[in-house]
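# just to be clear, the model below is a prediction. Sequence and coordinates:
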Amino acid sequence: MSLHDPKGINIAIVGVGNCASSLVQGLAHYQNGGANEQIGLMHWDLGGYRPHDIKVVAAWDVDRRKVGKDVGAAIFEKPNCTAIFCDHVPASGTIVEMGRVLDGYADHMGDYPEERTFLLSDAAEPTKDDVVRRLRETHTDVMLNYLPVGSQEATEFYAECALEAGVAFVNNIPVFIASNETWAKRFEEAGVPIIGDDIKAQLGATIVHRVLTDLFHKRGVKLDRTYQLNTGGNTDFLNMSNKSRLASKKVSKTEAVQSVAEHRLEDENIHVGPSDYVAWQNDNKVCFLRMEGQLFGGVPMNIELRLSVEDSPNSAGVAIDMIRCAKVAKERGLAGPIYPAAAYFCKHPPRQITDDEAYEQLEAFIRG
């Protein structure tokens, strides 16, 4: 597939971390074969596009171990620590460029060993014109935001670039762009699709918590209180150990659960969010979930669940679907938030609905 192949999907990646590593490995893993080998994917063919139609044509990062390297090599550089499930990732022909730092780097990260944290490159940062020019030169269709949690200014910088270049934007992090009325209107007026905010993993803590909360509602069980505690050892958890960068993440995860409850819980009765950084877990994320409620006659009950997943691969298949939905939306002339895709794939979409409803709407959108 050439850069100009109209049948392909050219993507730009902002932040070549663990999630990007799993995505790029996945594109190589699913490069060949047919639908009978689609294990781990929700859709093998989506809108006429398969995983092998996706090509990385631009990438930005701020770590000196990644800047200047081919994407196929950069994804395995420290501090990335996710599972390597694809033995051979070919060179992409795309070199990772120095990105814009802004608030994409937290000062507290410098207090940890080099193999655990970012090492800022001293290369010149790009201007908006530089990024827009690269997006246009590479005929990018979709830009993916994989910046660290709390990167408000940096996310807005790249969203501006996508708007100016006319590139669809997939916002995988809990900085509110698609769910912000002002930003959503800007994308709509510019004729550019956006899907966000905050990617919902394939089978992660949020989707499990939502499904169980919805089940309580549908089965007439009163939910009194609940918590979701998460631990992990990747740079995402290390970054979020600074509580000042965590505010939007907690809002995103909490609202994802509250939105499907029969009645909103008081703040003191619900706790949802990243809880601690445990270095030796690396990219493994462990969720401890507890829900307390009342059955028939007010008889008490509770459920406790422990979920262990490799965090980044858990989002990569969802990202592949989001990319294809963004491309399909662009082809159909749609602009602004793509509501069915956002509701099904994201924790903090512009419109919260149940996952059953979101699934039906998504499948209807895919069918056109």
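Yep, it's here. Numbers count the residues shown, from 1 in each chain.

# now the helices for the protein?
For the chain, the helices defined by DSSP state H occupy 18-29, 71-74, 128-137, 152-165, 181-190, 205-218, 235-240, 247-258, 313-331, 339-345, 355-367.

# out of the ones you listed, nearest to Gly297?
Gly297 lies closest to helix 205-218 among the helices of the chain, at 16.0 Å (C-beta to C-beta). For every residue, glycine as well, the C-beta is placed using N, CA and C.

# and that closest one, what does it pack against?
Counting by 3 or more C-beta pairs under 8 Å, 6 or more residues apart in numbering; DSSP states H and E, the packing neighbours recorded for helix 205-218 are strand 222-232, helix 247-258, strand 284-294, strand 300-310, helix 355-367.

# at 6 Å instead, please
Packing partners of helix 205-218 (3 or more C-beta pairs under 6 Å, 6 or more residues apart in numbering; DSSP states H and E): strand 222-232, helix 247-258.

# what angle sits between the longest one and helix 205-218?
Using axes from the mean of the first three to the mean of the last three C-alpha atoms, to 10 degrees, the interaxial angle of helix 247-258 with respect to helix 205-218 works out to 30 degrees.

# what's the answer for the shortest one, then?
Our comparison of strand 222-232 with helix 205-218, counting by the same axes, to 10 degrees, yields an angle of 170 degrees.

# check the offset of strand 222-232 from the chain's centre.
Between the centre of strand 222-232 and the centre of its chain there are 21 Å (C-alpha atoms, centre = their mean, to the nearest Å).

# just the CA atoms of it, as PDB, please.
What follows is strand 222-232 as a C-alpha-only set of coordinates in PDB (Å, rounded to 0.1, in the frame of the first residue of the first chain):
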ATOM      1  CA  LYS A 222     -30.300  -1.600  44.600                       C
ATOM      2  CA  LEU A 223     -26.700  -0.600  44.300                       C
ATOM      3  CA  ASP A 224     -25.700   1.000  47.600                       C
ATOM      4  CA  ARG A 225     -21.900   1.500  47.200                       C
ATOM      5  CA  THR A 226     -19.000   0.400  45.000                       C
ATOM      6  CA  TYR A 227     -15.300   0.800  44.500                       C
ATOM      7  CA  GLN A 228     -12.900   0.100  41.700                       C
ATOM      8  CA  LEU A 229      -9.200   0.000  42.700                       C
ATOM      9  CA  ASN A 230      -6.500  -0.300  40.000                       C
ATOM     10  CA  THR A 231      -2.800  -0.900  40.200                       C
ATOM     11  CA  GLY A 232      -0.200  -1.100  37.500                       C
END
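
# you'd agree Asn80 is up against Asn18?
Yes. Under the criterion of C-beta atoms under 6 Å, Asn80 makes contact with Asn18 at 5.3 Å.

# just for the protein, where's the confidence low?
1-6, 33-37 (pLDDT under 70).

# how close does the residue lying farthest from the centre of it sit to Met291?
Ranked by distance from the centre of the chain (C-alpha atoms, centre = their mean), the top residue is Gly297, with 41.8 Å. Gly297 sits 19 Å away from Met291, going by C-beta to C-beta, to the nearest Å.

# what do you get for Phe76?
For Phe76, the distance to Met291 - C-beta to C-beta - is 39 Å.

# the more surrounded of the two?
Met291 (22 against 16; other C-beta atoms under 10 Å).

# contact partners for that one?
Thr226, Ile303 (C-beta atoms under 6 Å, 6 or more residues apart in numbering).

# ditto for the one 5 residues further on
Contacts were defined as C-beta under 6 Å, 6+ apart; by that measure Phe296 touches no other residue.

# switch to 8 Å and redo it
By C-beta atoms under 8 Å, 6 or more residues apart in numbering, the residues touching Phe296 are Gly220.

# i'd like the first residue to be 15 from this point on
Got it, the first residue is 15 from now on, which makes the last one we talked about Phe310.

# dump the residue contacts of Cys100.
Counting by C-beta under 8 Å, 6+ apart, Cys100 has contacts Gln39, Gly40, Ala42, His43.

# which one of the helices and strands packed on helix 219-232 lies nearest to Glu280?
Going by C-beta to C-beta, the one of these nearest Glu280 is strand 236-246, 8.8 Å.

# what about the nearest residue to Gly118 once chain neighbours are set aside, neighbour count?
Nearest residue to Gly118, sequence neighbours excluded (C-beta to C-beta, 6 or more residues apart in numbering): Ala168, at 3.9 Å. For Ala168, the neighbour count with other C-beta under 10 Å is 25.

# state the distance from Ala168 to Leu161.
Counting by C-beta to C-beta, the gap from Ala168 to Leu161 is 5 Å.

# find the residues that touch each one of the two.
What both Ala168 and Leu161 touch, as defined by C-beta under 8 Å, 6+ apart, is the set Gly118.

# check contacts around the most centrally placed residue in the chain.
For the chain, the residue nearest the mean C-alpha position is Asn186 (2.9 Å; C-alpha atoms, centre = their mean). Applying C-beta under 8 Å, 6+ apart, we find Asn186 in contact with Cys33, Leu158, Asn159, Tyr160, Gly210, Asp212, Ile213, Ser329, Ala333, Met336.

# what is the neighbour count of the residue lying closest to Tyr358 once chain neighbours are set aside?
Closest residue to Tyr358 apart from its sequence neighbours, by C-beta to C-beta, 6+ apart: Ala372 at 4.0 Å. Here the number of neighbours of Ala372 (other C-beta under 10 Å) works out to 22.

# any idea which of the helices of the chain gets closest to Asp101?
That would be, of the helices of the chain and by C-beta to C-beta, helix 32-43, which comes in at 9.1 Å.

# what sits up against the closest one?
Counting by C-beta under 8 Å, 6+ apart, 27, 54, 65-66, 68, 70, 73, 85-86, 89-90, 94-100, 102-104, 106, 158, 160, 186, 248-250, 297, 325-327, 329-331, 333-334 sit against helix 32-43.
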